[in-house]
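Asks: generate a structure from the sequence data that follows.
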Amino acid sequence: MNFEVARTQMLGQQLRAWEVLDDRVLRAFAETPREDFVPREYRELAFADAEIPLGHGQTMLAPKVEGRIVQALQVERIDDVLVVGTGSGYLTACLARLAKRVTSVDIFPDFATAAPKMGTHGIHNVEIKTADALSLSYRAQFDAIAVTASVPTLDDHFIAMLRPQGRLFIVVGREPAMEARLITLQPNGTTTTDSLFETVVTPLINAERPEPFVL
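Replies: As a prediction, this is how the structure comes out:
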C-alpha cells in the first residue's frame with residue numbers, strides 16, 4: 001500500500017470534504033504518520049474513513065472526526081492541552097504539533113505505549129498518564145481539552161479544568177443521538193456552546209450512570 005497516496009487522499013477526500021480547512025491542522029495531519037499509530041493488524045486501514053479497533057472495546061476515531069476536533073479547538077503554540085482518552089495516540093500527536101504542551105490521559109495502561117512513537121517522530125512535548133478522567137483535578141490549567149469519548153450528560157467536571165477563554169470539545173448524549181459540542185469558558189465564568197455535528201462515539205469509561213427508576 002502506498003501510504004503517501006493514502007495520506008493525500010485522506011486530507012482531500014475526508015478532512016477537506018468535512019470542512020477541515022485550517023492549513024495548520026492539515027499540515028499537522030500530513031506530518032504525523034497515522035499508519036504508525038494504528039495496531040499492526042490494521043495498518044492497511046490506517047487512512048480508511050472508519051473507526052479502528054484498539055482493544056478494551058475502544059476505537060480510534062475516523063480521520064475526519066479527529067480533524068474536526070483539532071480545528072474546533074483552535075490550538076495555538078502558547079496553549080496547554082489536555083486529551084482525555086489517549087487511545088492510539090494519534091490525536092495527541094497532532095495536537096502536540098500545534099500546542100506548547102499536551103497532557104494525555106487514558107484509563108488503560110497499555111495505551112501509554114503511544115509515547116515512544118511520538119519521540120520517534122520528533123514530538124517531545126507530550127506527557128501520557130494512566131488515570132480515570134473523572135478523577136482528574138486539574139483546576140483551571142488548560143487552554144483546550146479534547147474528550148475523545150462521549151458522556152451521557154454534560155457537567156462541570158471538565159469545564160473546571162479550563163482557563164478563561166479555554167475550549168472544550170466533548171460529545172454529549174446516548175446512542176443513537178449524540179452531539180459534538182465546543183464549550184468556551186468566558187472571562188466572567190459563563191460558558192457558550194457551539195453545536196458542531198452529530199456523531200456516535202464510544203462512551204467514556206465510568207461516565208455512564210444508570211437511568212433513574214420511574215414509577
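Asks: could I get the longest helix that the chain contains in CSV with only the CA atoms?
Replies: What stands out as the longest helix in the chain, according to DSSP state H, is helix 63-73. Taking Å, rounded to 0.1, in the frame of the first residue of the first chain, the C-alpha atoms of helix 63-73 are listed here in CSV:
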residue,chain,number,x,y,z
PRO,A,63,-9.7,10.9,10.5
LYS,A,64,-12.4,13.4,9.6
VAL,A,65,-13.7,13.4,13.2
GLU,A,66,-10.2,13.9,14.6
GLY,A,67,-9.7,16.7,12.1
ARG,A,68,-12.8,18.5,13.2
ILE,A,69,-11.8,18.1,16.9
VAL,A,70,-8.4,19.7,16.3
GLN,A,71,-9.8,22.5,14.1
ALA,A,72,-12.6,23.4,16.6
LEU,A,73,-10.1,23.7,19.5
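Asks: I'd like the next helix or strand past it.
Replies: The first helix or strand that comes after helix 63-73 along the chain, using DSSP states H and E, is strand 80-84.
Asks: buried sites along the lowest-mean-pLDDT helix or strand in the chain?
Replies: Counting by mean pLDDT, DSSP states H and E, the weakest-scoring helix or strand in the chain turns out to be helix 114-120, with a mean of 84. For helix 114-120, a neighbour-count test (16 or more other C-beta atoms under 10 Å) marks 114, 115, 117, 118 as buried. Backbone N, C-alpha and C define where each C-beta goes, glycine included.
Asks: nearest to residue 187, of these?
Replies: The closest of the buried residues of helix 114-120 to residue 187 turns out to be residue 118 (C-beta to C-beta; 33.3 Å).
Asks: returning to what we had before: from the middle of its chain, how far away would the longest helix of the chain be?
Replies: 8 Å (C-alpha atoms, centre = their mean, to the nearest Å).
Asks: how about the contacts made by residue 108?
Replies: Residue 108 sits next to 55, 56, 58, 130 when contact means C-beta atoms under 8 Å, 6 or more residues apart in numbering.
Asks: what is the nearest of those residues to residue 148?
Replies: Nearest member of the contacts of residue 108 to residue 148, counting by C-beta to C-beta, is residue 58, at 9.0 Å.
Asks: how much space between the closest one and residue 79?
Replies: 26 Å (C-beta to C-beta, to the nearest Å).
Asks: and if you look at residue 35?
Replies: Taken as C-beta to C-beta, the span from residue 35 to residue 79 is 27 Å.
Asks: of these two, who's got more company?
Replies: When neighbours are counted by other C-beta atoms under 10 Å, residue 79 comes out ahead of the other of residue 35 and residue 79, with 20 against 17.
Asks: ok, and for stretch 26-36, which residues are buried?
Replies: Under the neighbour-count rule (16+ other C-beta under 10 Å), stretch 26-36 has 26, 28, 29, 30, 32, 33, 34, 35, 36 buried.
Asks: contacts for that stretch?
Replies: Stretch 26-36 is touched from outside by 3, 7, 10-11, 15-16, 20, 43, 46-47, 63, 66-67, 70, 90, 93-95, 97-98, 117, 120-121, with contacts defined as C-beta under 8 Å, 6+ apart.
Asks: what does the least confident helix or strand of the chain rub up against?
Replies: With C-beta under 8 Å, 6+ apart, helix 114-120 has contacts from 36-37, 86-90, 92-93, 96, 104, 124, 126, 128.
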